[in-house]
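J.: I'll drop the sequence and a predicted model, then ask my questions.
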Amino acid sequence: MSETPKVTIIMATYNRTHFILESLVSIQNQTFKKWECLIIDDGGTDNTLEALQPILKLDNRFQFLKRTGSYKKGLPGCRNYGLDLAKGEYIIYFDDDDFVHPDNLKTCIEAIETYNVDFCHYQKLGYLSQEPPIESKPISIQQYLTKADIEKVVTQQIGMASCTVMWKKHCFENCRFNENLLYAEEWECYSRLISENFKGIIINNILYFNRKHANSNTGEFYKNDIVRINSKKEAIRLVAYNIASKNLLTPSLLKYLAGLAIGFRDTRLLNDIIAKAGIKTNKKLFLHLKYWLFPIWKVYKITGKKLNYK
């Protein structure tokens, strides 16, 4: 590249020839021009590289790279590889099957620099086949985001998806994605970043459009793919450990995380959370009782819904 990019876009890809070109065109159409896009191939077997040759030859801001053996297969390994190569002052992650608003980079940089924060979290809009209309609006602030909001981040009242945040690069100086996770890796990673008290801003602007399809990681999770399920359970354990070690595990967060373990019917995970929380015997008994009564409660809840009980 002729000049140092201000933004590094990191995009992991795996056998997405049929989607990725559309994603790259939406990046090429950004109104902010000083960026690099690192396309990290995760060992794909289709003709992605051949399909991208025209855009790679015409625009040297795009780089197509094969994930090296120093990083594990999967999104976290690809993103970590991209982080280690990134030249930009800002970092943002885009997926290879979505498209972005043309003012995405411009709006995020303006928000971060105007309000002197470490990151900008914006909104996304899902779609199935027909692309939604794109609207350009002035920055609309929803709220600031700090360590005090960790509960909302962990419980996903604030849904920080991997592709809805622009970060200052320094946020990742001592942080990388956990490469053992193959689902919920951004939830675990971003929870750690928020717990370090990086300060951000949430804006109401829709700057990202994610395609809904069954072959996405989320689609596979909801089809009960065992790899995704186990990854989510490990992410729960890691999140619990992190916030407990920083004295951020409030009673309501303990209830939430223990509830996830109970919902997965995983006694080991539940016991790990209990041990890390260091809670008293009576609370342990209550959580274990809740665990054993969960199947009855679940049937009651479903039956109640069918009978229109409130």
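T.: Looks like it arrived, so ask away.
J.: any idea how far Asn116 is from Glu173?
T.: For Asn116, the distance to Glu173 equals 19 Å [CB to CB, to the nearest Å]. Using the backbone N, CA and C atoms, a C-beta is placed for each residue, glycine as well.
J.: try Ala12
T.: To Glu173, Ala12 is 21 Å away according to CB to CB.
J.: likewise Ile194?
T.: In terms of CB to CB, Ile194 sits 16 Å off from Glu173.
J.: quick one: which of the two has more around it?
T.: More neighbours surround Ile194 than the other of Ile194 and Glu173, with 25 against 8 (other CB atoms under 10 Å).
J.: tell me where the model's unsure across the stretch 1-150 of the chain.
T.: Scanning the stretch 1-150 of the chain for pLDDT under 70 picks out the ranges 1-2.
J.: mind redoing it with 80?
T.: Within the stretch 1-150 of the chain, the segments meeting pLDDT under 80 span 1-2, 128-131.
J.: Ile9 should be in a strand, yeah?
T.: Yes - counting by DSSP: H, G, I helix; E, B strand; the rest coil, Ile9 is found in a strand.
J.: in this protein, which spans are helices?
T.: Taking DSSP state H as the criterion, the chain contains helices spanning 17-28, 48-58, 75-85, 104-115, 150-154, 185-195, 217-222, 226-245, 251-263, 267-277, 281-306.
J.: of all those helices, which lies closest to Leu207?
T.: Nearest to Leu207, of all these, is helix 104-115, at 4.4 Å by CB to CB.
J.: the closest one to helix 17-28, inter-axis angle?
T.: 40 degrees (axes from the mean of the first three to the mean of the last three CA atoms, to 10 degrees).
J.: list the buried ones in helix 104-115?
T.: For helix 104-115, burial by neighbour count (16 or more other CB atoms under 10 Å) applies to 104-112.
J.: repeat that for stretch 201-212.
T.: Across stretch 201-212, burial judged by 16+ other CB under 10 Å covers 201-203, 205-211.
J.: now stretch 235-248
T.: Under the neighbour-count criterion of 16+ other CB under 10 Å, stretch 235-248 has 235-240, 242-244, 248 buried.
J.: tell me the contacts of Phe62?
T.: By CB atoms under 8 Å, 6 or more residues apart in numbering, the contact list for Phe62 reads 24, 36-37, 39, 52, 55-56.
J.: what's the domain layout of this structure?
T.: Per automatic domain parsing, the domain ranges recorded for the chain read 7-213, 224-306.
J.: need the winner for burial among these.
T.: Sort these by mean neighbour count, taking mean count of other CB atoms under 10 Å, and domain 7-213 sits at the top with a mean of 18.
J.: out of the helices of the chain, which is closest to Pro5?
T.: Taking those one by one with CB to CB, helix 104-115 is closest: 10.4 Å.
J.: what does the closest one contact?
T.: Contacts with helix 104-115, where a contact means CB under 8 Å, 6+ apart, come from 6-7, 30-32, 35, 90, 92, 101, 117-120, 122, 139, 141, 144, 166, 168, 201, 203, 205, 207-208.
J.: hmm, back to that, tell me the two of the contacts of Phe62 that are most distant?
T.: Taking CB to CB, the two most distant members of those are Glu36 and Leu52; they sit 15.2 Å apart.
J.: format the buried residues of stretch 235-248 as CSV; extra columns: distance to Phe64.
T.: Putting the buried residues of stretch 235-248 into CSV (distance: CB to CB, whole Å) gives the following:
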residue, distance to Phe64
Ala235, 29
Ile236, 35
Arg237, 35
Leu238, 32
Val239, 33
Ala240, 38
Asn242, 34
Ile243, 38
Ala244, 41
Leu248, 40
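J.: of those, closest to Ile134?
T.: Distance to Ile134, by CB to CB, is smallest for Ala235 among the buried residues of stretch 235-248, at 32.6 Å.
J.: can you name the residues that contact the closest residue in space to that closest one that isn't next to it in sequence?
T.: Once flanking residues are discounted, Ala235 sits nearest to Ala184: 3.8 Å by CB to CB, 6 or more residues apart in numbering. Ala184 makes contacts with 231-232, 235-236, as judged by CB under 8 Å, 6+ apart.
J.: helices and strands around the top strand by length along the chain, which ones?
T.: What stands out as the longest strand in the chain, according to DSSP state E, is strand 200-211. Here strand 200-211 touches strand 99-100, helix 104-115, strand 119-127, strand 141-145, going by 3 or more CB pairs under 8 Å, 6 or more residues apart in numbering; DSSP states H and E.
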